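Chemist: whatever this is, show me its structure:
(chains A and B)
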There are 2 protein chains.
Amino acid sequence: MKEYRTAIVGATGAVGRELIETLEQRAFPVGKLELFASRRAEGRFLQFRGARVPVRPLEASAVAGTEVAFFSAGGAVSKEFAPLCAANGALVVDNSSAFRQDRNIPLVIPELNGSEVVGRTGIVANPNCSTVQLVLAVAPLQRLWGLRQLCVATYQSVSGTGGRAIQELSQQARSFVDGAALEKSVYPHQIAFNLFPHVGDFGDDGLNVEERKVVYETRRFLKDEALEMNVTAVRVPVFRCHSEAVVAVTKEETSAAQVKQVLRSAPGVRLVEGEDAASYATPVSAEGRDEVFVSRVRDAYPEGHGIAMWVVSDNLRKGAALNAVQIAEVALGLSPVGAA
Amino acid sequence: MKEYRTAIVGATGAVGRELIETLEQRAFPVGKLELFASRRAEGRFLQFRGARVPVRPLEASAVAGTEVAFFSAGGAVSKEFAPLCAANGALVVDNSSAFRQDRNIPLVIPELNGSEVVGRTGIVANPNCSTVQLVLAVAPLQRLWGLRQLCVATYQSVSGTGGRAIQELSQQARSFVDGAALEKSVYPHQIAFNLFPHVGDFGDDGLNVEERKVVYETRRFLKDEALEMNVTAVRVPVFRCHSEAVVAVTKEETSAAQVKQVLRSAPGVRLVEGEDAASYATPVSAEGRDEVFVSRVRDAYPEGHGIAMWVVSDNLRKGAALNAVQIAEVALGLSPVGAA
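Modeler: Numbers count the residues shown, from 1 in each chain, chains lettered A, B, ... in the order given. Here you go, the predicted structure:
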């Protein structure tokens, strides 16, 4: 089997580390693995398949021979280096938001539109974490009954911000226990034992960056610019996994019973059923899992059209690293479309 | 000025302690304060106006002379003792859910329907914490434009469950810092660094108790049984204050600009405006405050009718103790209706 010279850009970050683990877990055919990060990380090593791999600063010459590159080092790095890798013939899966709004670049969730990248090289955009789990949960409803509106309130973990935010929450918890003052540098407010509807800067439209991403990307995936989307993105004191309280409003009449029937076999989705403490996913229970957990599916308003659900997924797995690796698998023909 | 022989039933609980503090802060005309709790608390003392007040077990004979009683010791205690106090001529403000669905008993938010209790004795029901802040934020919209639908996702702090839940979150944070296993007894799942859409037991309708309370009480306050309500109640690892992501859908056309104009002078509401980190309330910033903070008011779908907002309030203050004391003030003529 062919093996690919593979690069991870942003290897020391929360998503970068998850990418390394995901490549290993899924036995991705890595020939040589090259890890890149900022100069601060120079001299560090990370483990891959039992070997110590050095972390190097990113330079154009260093990625000349790269065949598959995963970028997760922020938009600026992606804008500079992803086109370079692509020009050299590499498949580039970019986890930043740099290319997500470029209609010439595929934005892909393999279960949904993996066919767009089969046999392809060049840049492919990996969607926003909150978008992936939302779209996988509601796409089956759109296919069968049409979608008029989505009302979404998110409960987003700090790992979506990155390693420094994970440390900030952890350190604030420690200070709380020690009775010390809680210091902050990453977030505008205390995050331990607190939360705020502020995920990225606010624009003139009153939406924050995360809300705008979810609106734009969801409409793009569902190919419906007119989809009515009400999104409130909230950061919560959870380390890992994003949760979403969703009300979907369908065009044709449906019911929670029919929606459950469809979600039982929806790709990438695990339906959790019942009416007790075991009948829904929590961030802690979804940690490290591949699926998008959909639970508490119930009838909502408007009658016959509203469907409420609780959607939880690991933002570093399906929301980032796993989806990225699945994109590469489909693009390289390692995994059939729809079986990601 | 007349002073009232005042009793607090459930004095050692989270709401009970807040009641004592609120009576003191608002200079409520307490003649003698009597504190009651379960037998476990016998022998304890609590501070009121610099004096040590003994906590006694509740007995029928002990409340014979009570003129004003605040109950916050659970539905069973209220059902047994509140009617007794009422029969003796007392004003009873009950913070449990025992009487909230009884149409013969007023359910009161003073800013909204305080006139129902002016000069009254007997039992008055204090609403559910999540309901109070929701209703104060949306009642002005209903009055001007009518309300068709409310879509609400809550972020509820553990103090809504009570003192043992506060200890559980605190203890789990401590265990996390110590690297020890997280133990639980109050909640069905770990609550530190986790959350779950489970506030009270689930019913056959798929709703949990809290969701059912908010639907029922909001419809009762807004006098509209047909109001379409989609509520997801979620417990989060926050000590104090509840937050709500709300989308209100009006019958007549309106806009965020018009809604803000109205909310600037809405009773009990503090509108927070702007588009940065200072432009919204968080649980920590609302702690110990009396107001319902409404922020991030913005246009939502359906166009011309949808209004999104972020509503935060201290669940132990306006959501419980403060509203209860305000009810007593209005009933006893100490405070004019609407000026609570």
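Chemist: how about the helices of the stretch 101-250 of chain A, start to end?
Modeler: A:110-113, A:129-145, A:163-178, A:209-221 (DSSP state H, counting those that start in this stretch).
Chemist: the last one: how far from the chain's middle?
Modeler: A distance of 12 Å separates the centroid of the chain from that of helix A:209-221, by CA atoms, centre = their mean, to the nearest Å.
Chemist: A:Leu46: what secondary structure?
Modeler: Of the three states, A:Leu46 takes strand according to DSSP: H, G, I helix; E, B strand; the rest coil.
Chemist: burial count for it?
Modeler: Neighbours of A:Leu46 under the rule other CB atoms under 10 Å in any protein chain shown: 20. (Each C-beta comes from the backbone N, C-alpha and C, glycine too.)
Chemist: tell me the pLDDT at it?
Modeler: If you check A:Leu46, the pLDDT there is 98.
Chemist: same check on A:Glu275?
Modeler: pLDDT, read off for A:Glu275, is 84.
Chemist: hang on, it packs against B:Leu207?
Modeler: No: counting by CB atoms under 8 Å, B:Leu207 is not a contact partner of A:Glu275; they are 9.4 Å apart.
Chemist: ok, the two, which is more surrounded?
Modeler: Taking neighbours as other CB under 10 Å, A:Glu275 and B:Leu207 compare with B:Leu207 leading, 22 against 17.
Chemist: of all the helices of the stretch 101-250 of chain A, which one is nearest A:Thr282?
Modeler: helix A:129-145 (14.1 Å; CB to CB).
Chemist: next, the angle helix A:209-221 makes with the closest one.
Modeler: Orientation of helix A:129-145 against helix A:209-221 (axes from the mean of the first three to the mean of the last three CA atoms, to 10 degrees) gives an angle of 30 degrees.
Chemist: for helix A:129-145, packing partners?
Modeler: helix A:110-113, strand A:147-155, helix A:209-221, strand A:242-250, helix A:256-263, strand A:269-272, strand A:292-300, strand A:306-313 (3 or more CB pairs under 8 Å, 6 or more residues apart in numbering or on different chains; DSSP states H and E).
Chemist: quick one: mean pLDDT for that helix?
Modeler: Rounded mean pLDDT across helix A:129-145 is 98.
Chemist: Serialize the helices and strands packed on helix A:129-145 to JSON lines and add fields for mean neighbour count.
Modeler: Formatted as JSON lines, the helices and strands packed on helix A:129-145 follow (neighbours: other CB atoms under 10 Å in any protein chain shown):
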{"stretch": "helix A:110-113", "mean neighbour count": "22"}
{"stretch": "strand A:147-155", "mean neighbour count": "25"}
{"stretch": "helix A:209-221", "mean neighbour count": "22"}
{"stretch": "strand A:242-250", "mean neighbour count": "27"}
{"stretch": "helix A:256-263", "mean neighbour count": "17"}
{"stretch": "strand A:269-272", "mean neighbour count": "20"}
{"stretch": "strand A:292-300", "mean neighbour count": "25"}
{"stretch": "strand A:306-313", "mean neighbour count": "27"}
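Chemist: let me have these in TSV, extended by distance to B:Gly200.
Modeler: Output for the helices and strands packed on helix A:129-145, formatted as TSV (distance: least, CB to CB, whole Å):
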stretch	distance to B:Gly200
helix A:110-113	35
strand A:147-155	19
helix A:209-221	30
strand A:242-250	16
helix A:256-263	20
strand A:269-272	19
strand A:292-300	14
strand A:306-313	16
